[in-house]
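Enquirer: Mind looking at a prediction? Sequence and model below.
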Amino acid sequence: MVQSAMWKFRGSCMMLMRREGKQVVYLGTAFVVHRDGYLLTAARLIGDGTETSELVVAPADLEHTFAPITIETVAPLPVVVAQIDRQRDVALLRFDPPLEVVVPDRIIGNPTAYFDGSSVMALGFSFAHYRIHNPIARSAVISARICTDDGTNMMLIDRRVHDGDVGGLLVCLEDERVIGVLLGRFDPSDLRKDEHRDDVQIITVMSLAVSVEYGAALMQAEGLTIA
């Protein structure tokens with residue numbers, strides 16, 4: 001099941017970078033969600049708008065069975081922020097200039113239709129900060145669905161994702177639809193900063209994803225039809 005989902009979505013997965021002079025600096029993962037050239041990612045990867053550098057994305061090498069770990073030369077595609085929700089930590093990007101792309105059918109799922117214990121796949125460029133430019137898939141299960149104090153719906157999964165995965169996809173394997181945007185490793189003290197105890201050490205292997213419903217809301221605000 002993971003193999004089928006990986007092959008369906010790996011072409012949609014992009015490295016999100018910021019151009020700084022003649023160099024590009026890796027930020028995290030983004031993924032294509034609409035044929036008119038729109039992508040979703042995590043808002044935390046986007047600066048506050050005062051930067052003079054540009055956002056770009058680049059795909060992985062999908063031509064080789066055993067792909068090189070580093071892509072020495074990339075042809076980055078410029079993107080701009082179309083919509084952003086910093087409270088929910090999601091951002092909708094758009095290719096600039098506009099670019100039509102091929103995307104899988106029925107990408108966006110309904111997170112309320114799944115259950116704790118559902119099998120999922122996490123997909124992102126886990127180690128691109130170290131110039132390992134391969135999309136990496138991991139199987140997991142939804143360990144819990146939670147609503148934070150500010151009303152944000154989140155999912156905990158029982159696998160560790162890495163900094164390079166932030167902005168990547170969480171896909172339900174049952175119907176191969178995206179149900180979340182990866183936000184990184186889960187630390188319970190992030191949700192309860194005022195209840196931290198120095199005598200209790202918690203090191204989890206769990207990760208956090210925000211419900212894709214907030215990404216779908218950005219797409220609707222942009223006037224896009226969600227198939």
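Expert: Structure's in. What do you need?

Enquirer: per the record, what domains does this structure have?
Expert: Under the assignment automatic domain parsing, the domains of the chain span 10-103, 111-212.

Enquirer: Those domains: which one's closest to Ile226?
Expert: Proximity to Ile226 (C-beta to C-beta) singles out domain 10-103 among those, at 8.2 Å. Glycine gets a C-beta too; all of them are placed from N, C-alpha and C.

Enquirer: If we go by neighbour counts, what in the helix or strand of the chain with the lowest mean pLDDT is buried?
Expert: Within the chain, no helix or strand scores below helix 188-191, which has a mean of 73 by mean pLDDT, DSSP states H and E. By 16 or more other C-beta atoms under 10 Å, helix 188-191 has no buried positions at all.

Enquirer: In terms of secondary structure, what does that helix contact?
Expert: Applying 3 or more C-beta pairs under 8 Å, 6 or more residues apart in numbering; DSSP states H and E, we find helix 188-191 packed against no helix or strand.

Enquirer: picking that back up, now the domains of the chain in JSON lines, with distance to Gly223?
Expert: Shown next, in JSON lines, are the domains of the chain (distance: least, C-beta to C-beta, whole Å):
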{"stretch": "domain 10-103", "distance to Gly223": "10"}
{"stretch": "domain 111-212", "distance to Gly223": "18"}
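
Enquirer: Poorly predicted segments of this structure, please.
Expert: For the chain, applying pLDDT under 70 flags the ranges 49-53, 73, 191-201.

Enquirer: Relative to Glu222, which of the domains of the chain is closest?
Expert: Ranking those by distance to Glu222, with C-beta to C-beta as the measure, places domain 10-103 first at 5.4 Å.

Enquirer: Okay, now that closest one: how far is its last residue from its first?
Expert: Using C-alpha to C-alpha, to the nearest Å, one end of domain 10-103 lies 11 Å from the other.

Enquirer: thinking again about what came up before, select, out of the domains of the chain, the one closest to Met219.
Expert: Across the domains of the chain, closest to Met219 is domain 10-103 (C-beta to C-beta), at 6.3 Å.

Enquirer: among the domains of the chain, which is nearest Thr225?
Expert: domain 10-103 (8.3 Å).

Enquirer: picking that back up, now for the very next helix or strand once past the least confident helix or strand of the chain, which elements pack on it?
Expert: Counting by DSSP states H and E, the element after helix 188-191 in chain order, helix or strand, is strand 207-211. Under the contact definition 3+ C-beta pairs under 8 Å, 6+ apart, strand 207-211 sits against strand 153-157, strand 177-185.

Enquirer: quick one: the last one to strand 153-157, angle?
Expert: Relative orientation of strand 177-185 versus strand 153-157 (axes from the mean of the first three to the mean of the last three C-alpha atoms, to 10 degrees): 80 degrees.

Enquirer: packing partners for strand 177-185?
Expert: Counting by 3+ C-beta pairs under 8 Å, 6+ apart, strand 177-185 packs on strand 23-34, strand 119-124, strand 153-157, strand 169-172, strand 207-211.

Enquirer: In JSON lines: those, plus mean neighbour count and distance to Ile107.
Expert: Shown next, in JSON lines, are those (neighbours: other C-beta atoms under 10 Å; distance: least, C-beta to C-beta, whole Å):
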{"stretch": "strand 23-34", "mean neighbour count": "23", "distance to Ile107": "5"}
{"stretch": "strand 119-124", "mean neighbour count": "25", "distance to Ile107": "13"}
{"stretch": "strand 153-157", "mean neighbour count": "22", "distance to Ile107": "17"}
{"stretch": "strand 169-172", "mean neighbour count": "27", "distance to Ile107": "9"}
{"stretch": "strand 207-211", "mean neighbour count": "25", "distance to Ile107": "15"}
